[in-house]
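Undergrad: Following is a predicted model, sequence given first.
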Amino acid sequence: MSLVVIGLNHRTVPLDLLERMTIDESRLPKALHDVASREFVSEAVVLSTCNRTEIYVLAERFHPAYHDIRNFLSEVAYLPPEEFSDHLYVHYDDDAVHHLFAVAAGIDSAVVGEAEILGQVRAAWERARDEGTSGAALNMLFRHALEVGKRARSETGISRSIVSVSTAAVAMAADRLGSLEGRRVLVLGAGDMGEGMVRALVQRGVGDLFVANRTWERALELATRVGGTAVRLAELNETLATVDLLLTGTGASSIMLEHGDLARVMRARPGRPLLVVDVAVPRDVDPGAAELAGVTLLDMDDLRAFASAGMAERRREVTAVERIIAEELERFTALSTAREVAPLIAALHDKAEAVRTAELERFSARLSALDPVAREVVEALTRGLVAKLLHEPTVGLKGAAGTPRGERLAEAVRDLFDL
């Protein structure tokens, strides 16, 4: 059995391919059962965000499991494997553990140190547990990853300043416009991403703030909470004609604003430019809208470039986080190897105890003449002999667990004692 992660992210694929590989919330249950039902997969967790789609599995055999997951991704994207296989990264065992720890700690994100990824890791694991596709191995891995993420943020400054995609999107908009103070802004999306952008906009002193969402009640609740104005989708174009900035980050699986929509908007506001920041994956705004006169359209690729420009000041923090990850990887390895060898040691002790009690039973007639005190002495003597005989094998198995020698010792114990 091997822990394996196979995936692609913002660094390995162009945005249009990452969009096709994204698995939204509504498709996640089916995706989990699809992966977990593959022949060489025992457990599965799917992590799909605006920056990555990764499949974590407990694989019975590595190469067949890799092909199972590659074929799954092919079905998700409706693409033949040869069109994306070169973009996939694969990690297994310790490397897979290290990768997830880095993801949870925020140092594998487009915005290094962003806080949202830790919640996304937790949500992916919880959904897999709810669907019954995550078992003992992946539960242990993801539980530990969340601990690593929390430790990285509490013991280092990795999450200072810009700590999420949503705050980075607002910062990028402010950088482009010079300031957001007094600006009229429309936010499309009232989920976690939209709410994060709204909070960041309020902190920067925007003027009129509008919130639109596919669910009217959610837009109304968020807008009311910050003193903004809720906008129905039917009024979207009308509102766009009046604002300086559109920020969008919905979870929609298809385009929300077509080229034609923005063309009509720009005709209604002659001579007034419009900045559009679209950080949704898949994108909310037709990329072709960037060709319209007066429209500046920024997406996740632009956000990554903006975030990387401010990376120098955090490099020391990344080094500190890497030290934490190394410590936690060592601790996880010790815990997991102990967990793996524990059933074998328990089986060995159970077998020895069964032999001891069977022999005492066989000689019960001869022992029946003993008084209770003498009988207890015999019990204690036999228990002590078994414990002393098993002490060295037990220590040896625990000490060598997780190494080639440990595997040889474990196999020998199974064969010798018929376990």
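TA: That came in fine, so what should we check first? Everything numeric here is computed off the predicted structure, so don't read it as measured data. Residues are numbered from 1 along each chain as shown.
Undergrad: From here on, just use CA atoms for contacts and neighbour counts.
TA: Will do.
Undergrad: Tell me which stretches of the stretch 201-350 of the chain form helices.
TA: 216-226, 236-240, 259-267, 300-309, 315-362 (DSSP state H, counting those that start in this stretch).
Undergrad: buried stuff in the shortest one?
TA: Looking back up the chat, that one is helix 236-240. Within helix 236-240, the residues that count as buried by 16 or more other Cα atoms under 10 Å are 236-237, 239-240.
Undergrad: sorry, back to before: now the helices of the stretch 201-350 of the chain as CSV including mean pLDDT?
TA: Below are the helices of the stretch 201-350 of the chain laid out as CSV (pLDDT from 0 to 100):
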stretch, mean pLDDT
helix 216-226, 93
helix 236-240, 93
helix 259-267, 93
helix 300-309, 82
helix 315-362, 85
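Undergrad: quick one: which of those helices is nearest residue 50?
TA: Residue 50 lies closest to helix 300-309 among these, at 8.4 Å (Cα to Cα).
Undergrad: got a list of contacts for that closest one?
TA: 15, 110-112, 168-169, 172, 278-280 (Cα atoms under 8 Å, 6 or more residues apart in numbering).
Undergrad: In helices, which of those residues fall?
TA: Here DSSP state H is the test, and these give 15, 168-169, 172 as lying in helices.
Undergrad: between those, which is nearest residue 389?
TA: Using Cα to Cα, those come closest to residue 389 at residue 15, 61.7 Å.
Undergrad: How much space separates the spatially most central residue of the chain from residue 262?
TA: By Cα atoms, centre = their mean, the chain has its centre lying nearest to residue 121, at 3.3 Å. For residue 121, the distance to residue 262 equals 35 Å [Cα to Cα, to the nearest Å].
Undergrad: Between the two ends of stretch 245-264, how far is it?
TA: 16 Å.
Undergrad: same deal with stretch 108-118?
TA: Termini of stretch 108-118 sit 12 Å apart (Cα to Cα).
Undergrad: Same question for stretch 278-298.
TA: Start-to-end, stretch 278-298 (Cα to Cα) is 6 Å.
Undergrad: Contacts for that stretch next, please.
TA: In contact with stretch 278-298 (Cα under 8 Å, 6+ apart) are residues 18-20, 22, 49-51, 165, 169, 247-259, 262-263, 266, 271-277, 299-300, 303.
Undergrad: can you check stretch 345-354 too?
TA: Residues from elsewhere that reach stretch 345-354, judged by Cα under 8 Å, 6+ apart: 386, 390, 394, 397, 417, 419.
Undergrad: Same question for stretch 333-342.
TA: If you take Cα under 8 Å, 6+ apart as the criterion, stretch 333-342 is touched by 94, 397-398, 401-402, 410.
Undergrad: From the residues you listed, which one has the minimum pLDDT?
TA: Note: of the contacts of stretch 333-342, the lowest pLDDT belongs to residue 402, at 63.
Undergrad: How about the secondary structure of the residue nearest to the centre of the chain?
TA: Three-state call for residue 121 (DSSP: H, G, I helix; E, B strand; the rest coil): helix.
Undergrad: I'd like the ones in helices among the contacts of helix 300-309 as JSON lines, with pLDDT and neighbour count appended.
TA: JSON lines is the format used below for the ones in helices among the contacts of helix 300-309 (pLDDT from 0 to 100; neighbours: other Cα atoms under 10 Å):
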{"residue": "15", "pLDDT": "87", "neighbour count": "20"}
{"residue": "168", "pLDDT": "87", "neighbour count": "24"}
{"residue": "169", "pLDDT": "91", "neighbour count": "31"}
{"residue": "172", "pLDDT": "91", "neighbour count": "18"}
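Undergrad: just curious, which of the residues you listed is nearest to residue 83?
TA: residue 15 (14.4 Å).
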